[in-house]
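# give the three-dimensional model of this entry:
(chains A, B, C and D)
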There are 4 protein chains.
Amino acid sequence: LPIAHLAHVELGVPDLDASRKWFTDVMGLFVSHETPERVYLRAWQDFDHHTLVLTRRATPGVGHIAWRVKAEGDLDEFHASLTARGDAVEWREGDEPGHGRALRVTAPSGHTFELFHEVERHVAPDELASALPSHPQTFEGNGVAPRRVDHVTILTADVVGLQQWLTDALGIRLNYFAEDEQGDVLGAWMSTTPLTHEIAVMRHPEHGLHHFAYSLDSPDDVIRAARLLVEHGTPIEYGPGIHGTSGGFFLYFREPGGNRIEVWSGAMLLFAPDWEPRRWTHELMRAFGGNMFGSPPPESFRQGT
Amino acid sequence: LPIAHLAHVELGVPDLDASRKWFTDVMGLFVSHETPERVYLRAWQDFDHHTLVLTRRATPGVGHIAWRVKAEGDLDEFHASLTARGDAVEWREGDEPGHGRALRVTAPSGHTFELFHEVERHVAPDELASALPSHPQTFEGNGVAPRRVDHVTILTADVVGLQQWLTDALGIRLNYFAEDEQGDVLGAWMSTTPLTHEIAVMRHPEHGLHHFAYSLDSPDDVIRAARLLVEHGTPIEYGPGIHGTSGGFFLYFREPGGNRIEVWSGAMLLFAPDWEPRRWTHELMRAFGGNMFGSPPPESFRQGT
Amino acid sequence: LPIAHLAHVELGVPDLDASRKWFTDVMGLFVSHETPERVYLRAWQDFDHHTLVLTRRATPGVGHIAWRVKAEGDLDEFHASLTARGDAVEWREGDEPGHGRALRVTAPSGHTFELFHEVERHVAPDELASALPSHPQTFEGNGVAPRRVDHVTILTADVVGLQQWLTDALGIRLNYFAEDEQGDVLGAWMSTTPLTHEIAVMRHPEHGLHHFAYSLDSPDDVIRAARLLVEHGTPIEYGPGIHGTSGGFFLYFREPGGNRIEVWSGAMLLFAPDWEPRRWTHELMRAFGGNMFGSPPPESFRQGT
Amino acid sequence: LPIAHLAHVELGVPDLDASRKWFTDVMGLFVSHETPERVYLRAWQDFDHHTLVLTRRATPGVGHIAWRVKAEGDLDEFHASLTARGDAVEWREGDEPGHGRALRVTAPSGHTFELFHEVERHVAPDELASALPSHPQTFEGNGVAPRRVDHVTILTADVVGLQQWLTDALGIRLNYFAEDEQGDVLGAWMSTTPLTHEIAVMRHPEHGLHHFAYSLDSPDDVIRAARLLVEHGTPIEYGPGIHGTSGGFFLYFREPGGNRIEVWSGAMLLFAPDWEPRRWTHELMRAFGGNMFGSPPPESFRQGT
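Reported below is the predicted structural model:
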């Protein structure tokens, strides 16, 4: 499979300064680069230049979703295969720091995906350089301090359509799906790595963002994050709880721009090369899948960012 | 203050075998002694003979609540002072294993309290003996495996009356209290040790038990417990969350007999000898006091066991 | 790359009953199958039939090391490519439960590797069946209770030779290596998945086993394990500490048969498709690589099982 | 017993700026007050004005060790009883912020102890004010971020003499003691609260400081601290490990001035009013008491600060 992993996600934010301040001071991310219109951020153990782009925009929501491919030549093959499928593609070069030429493609849902291979390493400034040659920088531990990017969950009216496009056009594997009372698919969780999902798709009348997630190391870390968030003016929207689907211990909240952010820990790793997508019926989803501990999400959680 | 600490709590259970099995297999407590009508249990780092007594009874709920006093002579002083107050007292001797003569007193709320001093040590059988001379037994780690008894929360129509009786008659300190919308006291949390509470009183038309709590070491342990409970047929009633009042990370559920049980970790220790009772208004209680993370308790949580 | 992941490891044990008892009671693994000469074990979130085989044998040490390949046809391709290389290969069928035909190959170091694709699922008996369709069984939490198999570390006089054979013959990626004072390679860590290593090779005059590792979820879990082990007669040989190389929080000890076992948590995941092997010089290895916290290993740790 | 709890400890530091920077940036303590010669610090859940005083001085080591008494009148009673014993006492007033008049007494070992009752509350500035009325300030989570002061360990040639003075003159309880190979007392651990020790005494030819300790919440927190310390230039001197004596998970290191600092979590609470001091023989101490996991301390650990 030519896609290696989820690389970064762009979020629109109405007040760039407020969101920048929150992502650095409260979340504990690091600025890799910034312009008057954009801030590029990474977590302390993200190896790439950035995993989040904040873009000044009237409304919150998701911009492009970027994936790294395994080799530079894969981009040309994707250009050919996507063009052959009739998908709208576009080359981009030099408009984002930290990576080489990129191929952008618009999904039938309207979401924009980006593919690239070349990356810039050694992003951390000298004062954050680690003595450990394996590590991209020191652990600073300020704020929520997630370890690395994890996944993005997007909204579309046609979950099965978008899931199949992600599988057919980009080669992303379906790992499990949830059904509504009628047995129609409400959500699909997908990845190219052993993570339970790097991208998930949930049903909503309008296309958009449900949430963007970073990974923490333990329940202790998630609870430390929850306490920090609440004491610094960021209410918890949903959680803590365990998604029975993945086994991940979750927490959802909103950054100042309105985008829903998740931190979680402890989800399974799926190494089987022939993993069969698991079916979560409406009943199982209500009982355990959404939250093993039983607390249902608030009504707001059914909405996008 | 002559009371040293909360010693044990008696719970009525309709099916003694089912509750015994759950408390040993799922909770991971240890049986110190049993008779056809009663099972005496302790946690792995409880130093006393038992911290929980299960008694076969038609309905769940709380029996006697026992405290250890600092010296044998304190019992005689309590006998004199309680009698002088007009409280109904009664000596008990030999009806419970693990401790010496006991003084029982009935509170105005109808709850029964017990005081004793002499205790039996070295309760653990040889196969659980620890090589560490400070420890009452080995850590086995099976089931929820709480470290030690923590507190009991009881119900009464007159919270202030019972709180004042506990302070005046038994010398138990008020640490914080919660008010309803009218500013009347809804709940009071009290202790004789640095624990935020060994006993709490909550308002309810009928006197009874709200919950009985054991202590765990970390959020990780609480989440491990939650997962174990759910996967073994014990649903979570409320939590996980943090009580803003105490800072404790909580989880509530029911044992098979219907008694509500809590495990929690991370509450503050209050060492100040002149700690002033903190007031939690209705607004603060709703925003942070009940659960810092915001999720309100289910309706069932307002009811007793 | 045709290899999907490390599947299982066979350990020789002089007293099969004693090792079986320890791996089930203290480690908290589950028996999938057993014969008078062998016991097949799995962790609670291992998806395959078994990840450990105990074989009655005069001396401890490693038997075959098995990998799952992505497709059945990969076996035939490996047969062809290994034969062409001149490696000694052998087909095995039906001699182990839980998987289909297997191709065995002997490395130049003398270690035996096994490759297979077909696997048996749904291994857990009814009483361990989880209500969660994604999970292979319930979480029981008894003993150390590791989540899943992690890696095996083997010994050879020619580290570079074995590392290159693993890369050339089996396609396993080198992630980092350690050098001695002369700059010669002392150890090499390798994987086919984002784990920092599924197999590592360390220098020793005789070929054999250094250790076999399972994965836990957090430092809390590792410390819980250490306490359980010590209180139940299994001394800690080395740790707890953090390997600076991988960031993993480690603990080493011996099962009753003498094989060194590790549990660890928190190592990095390496998603980059072009990860460049990191070099750990002797100085860096002593300062941080072996143990970020500085405590050097005991002399025994330089020896095999 | 008139002493309520350990209040604060004064440490001498040769470079006040360097130590101030380290205690705020790396340890995550908060400055309550400072003068050109002194810095007063507290942890995020310390309720008193300060728990650590840094004093500019040529050499590191311990200055006065302060305890809070239960009532103002206890000071006069201590003045009388200490004078009657022939101990050298001195009144101090207004020379330290955050508390009222203080009685200082010099122990036979040469250590200076301070007693006071009146304290200043509401120390945190507005930007650290918590919305939770029970809490002294917000949780910020920067650096090691210990929750509260825990204990101090001092050195003397006559352990039994100093222990008996602490018990007889100040009323501090002996909880456990360690013996050397000859059965002489090497160390004594003492407290006035349920903590296993607020003060410990260890044998050394010269009187001085062994270490000063703050409390963390879990093994996860201790390991987070260890990683932060190492990556920011503070090597770990000893640990992590569990003291079998107390069950506490420990980590020792040096602040820039040379004083040894400990953070730990998970020690027992001792509520029994008649706790009998536990004896740890040399053999038990070596096997489990010093470190349950077996790693002995480095030679440097036998020395004072």
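
# near chain B, which residues of the stretch 151-300 of chain A?
Residues of the stretch 151-300 of chain A lying close to chain B (CB under 8 Å from any CB of the partner chain) are A:218-220, A:222-223, A:226-227, A:230, A:235-236, A:239-242, A:249, A:288, A:292-295. Where C-beta positions appear, they are placed from N, C-alpha and C, glycine not excepted.

# look up the pLDDT of the closest residue to A:Phe30 other than its chain neighbours for me, please.
In space, and not counting its chain neighbours, A:Phe30 is closest to A:Arg42: 5.5 Å by CB to CB, 6 or more residues apart in numbering or on different chains. What the model reports as pLDDT for A:Arg42 is 98.

# on that earlier part again, show me which of the residues of the stretch 151-300 of chain A next to chain B are buried.
Among these, the ones that count as buried by 16 or more other CB atoms under 10 Å in any protein chain shown are A:218-220, A:222-223, A:226-227, A:230, A:236, A:239-242, A:249, A:288, A:292-295.

# tell me the contacts of the residue of chain A most remote from its centre?
Distance from the centre of chain A peaks at A:Ala131, with 29.2 Å (CA atoms, centre = their mean). Neighbour list for A:Ala131: C:284, C:287-288, D:231 [criterion: CB atoms under 8 Å, 6 or more residues apart in numbering or on different chains].

# distance-wise, check A:Thr35 relative to chain D.
Remark: distance between A:Thr35 and chain D (CB to the nearest CB, to the nearest Å) = 28 Å.

# and the gap between that residue and B:Pro298?
According to CB to CB, to the nearest Å, A:Thr35 and B:Pro298 sit 48 Å apart.

# go on, A:Gly304?
According to CB to CB, A:Gly304 stands 27 Å off from B:Pro298.

# among the two, which residue is more densely surrounded?
Taking neighbours as other CB atoms under 10 Å in any protein chain shown, A:Gly304 and B:Pro298 compare with A:Gly304 leading, 21 against 13.

# could you check how far that one is from A:His204?
Separation of A:Gly304 from A:His204 (CB to CB): 6 Å.

# for A:Phe113, same thing?
18 Å.

# neighbour count: those two, which is higher?
Using other CB under 10 Å, the more surrounded residue of A:Phe113 and A:His204 is A:Phe113, with 24 against 18.

# so which bits of the stretch 151-300 of chain A are right by chain D?
Within the stretch 151-300 of chain A, the residues that sit near chain D (CB under 8 Å from any CB) are A:217-218, A:220-221, A:224, A:227-228, A:231-232.

# nearest to chain B among the residues you listed?
Proximity of these to chain B (CB to the nearest CB) peaks at A:Asp220, which lies at 4.8 Å.

# distance of that closest one relative to A:Ala145?
Counting by CB to CB, the gap from A:Asp220 to A:Ala145 is 12 Å.

# same thing with A:Leu29?
From A:Leu29 over to A:Ala145 (counting by CB to CB), the distance is 9 Å.

# what pLDDT does the closest residue to A:Thr59 other than its chain neighbours get?
Closest residue to A:Thr59 apart from its sequence neighbours, by CB to CB, 6+ apart: A:Gly12 at 6.1 Å. A:Gly12 carries a pLDDT score of 98 in this model.

# now the one 3 residues further on
pLDDT recorded at A:Asp15 is 98.

# now do the contacts for it.
So A:Asp15 contacts A:256-257 (CB under 8 Å, 6+ apart).

# bridged to A:Trp91, which residues?
Counting by DSSP bridges, A:Trp91 forms beta bridges with A:Leu103.

# my read: it touches A:Glu114, true?
No - with contacts defined as CB atoms under 8 Å, A:Trp91 does not count as touching A:Glu114, sitting 10.6 Å away.

# what do those two both touch?
A:102-104.

# could you dump the residues you listed to CSV with pLDDT and neighbour count?
Below are the shared contacts of A:Trp91 and A:Glu114 laid out as CSV (pLDDT from 0 to 100; neighbours: other CB atoms under 10 Å in any protein chain shown):
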residue, pLDDT, neighbour count
A:Ala102, 98, 23
A:Leu103, 98, 21
A:Arg104, 98, 18
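
# of these, which is the nearest to chain D?
When these are ranked by distance to chain D (CB to the nearest CB), A:Ala102 comes first, at 33.3 Å.

# wait, doesn't the closest one sit right on A:Val89?
No - between A:Ala102 and A:Val89 there is no contact under CB under 8 Å: 10.7 Å.

# not counting sequence-adjacent ones, nearest residue to the residue in the stretch 101-250 of chain A that chain C sits nearest to?
Taking CB to the nearest CB, chain C has its nearest neighbour within the stretch 101-250 of chain A at A:Ser218, 3.6 Å off. Nearest residue to A:Ser218, sequence neighbours excluded (CB to CB, 6+ apart): C:Ser218, at 3.6 Å.
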